[in-house]
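> only geometry, no sequence info:
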């Protein structure tokens, strides 16, 4: 999860957050991640109890996880935009109430 959280998003852009990486970069990450996980399971656990661990399965799970991360980020961005709009309206009302001016 941490690997996807770090490598599925680009560098922080002030005011915009961390945008998703471009598709070729994501594909390279998912392929490398799947190969590394398969290798680590074989090395650290001697396999998975006789059940073959396939890189394609790991890559599909990582791809789904990346998709869910993107969807969650979009939902959080939408909520942040709503909160910012509500805050701006609150500031307008406060200026109108305190100073009697429209901003």
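Done, it's in. In this text the structure is predicted, and so the values were computed from the model without any measurement.

> Nearest the geometric middle of the chain, what residue?
residue 69 (3.7 Å; CA atoms, centre = their mean).

> Quick check, that residue in contact with residue 6.
No - under the criterion of CB atoms under 8 Å, residue 69 is not in contact with residue 6, lying 10.5 Å apart. In short, each C-beta sits where N, CA and C put it, glycine included.

> Test my guess that residue 21 contacts residue 6.
No - contact criterion CB under 8 Å: residue 21 and residue 6 do not qualify, at 10.5 Å.

> Can you report how many residues lie near residue 34?
Other residues lying near residue 34 total 21 when counted by other CB atoms under 10 Å.

> quick one, phi psi at it?
Main-chain dihedrals, residue 34, degrees, to the nearest 10: phi -60, psi -40.

> residues touching it, list them.
By CB atoms under 8 Å, 6 or more residues apart in numbering, residue 34 lies in contact with 55-56, 58-59, 62.

> Just the buried residues out of those residues, in PyMOL syntax.
Buried residues among those (16 or more other CB atoms under 10 Å), as a PyMOL selection:
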select buried, resi 55+58+59+62
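
> of all the contacts of residue 34, which comes closest to residue 41?
The nearest member of these to residue 41, counting by CB to CB, is residue 58 at 8.8 Å.

> I figured that closest one hits residue 32, correct?
No - in this structure, residue 58 is not within contact of residue 32 by CB under 8 Å, at 11.0 Å.

> Which one's more surrounded, residue 21 and residue 6?
More neighbours surround residue 21 than the other of residue 21 and residue 6, with 17 against 10 (other CB under 10 Å).
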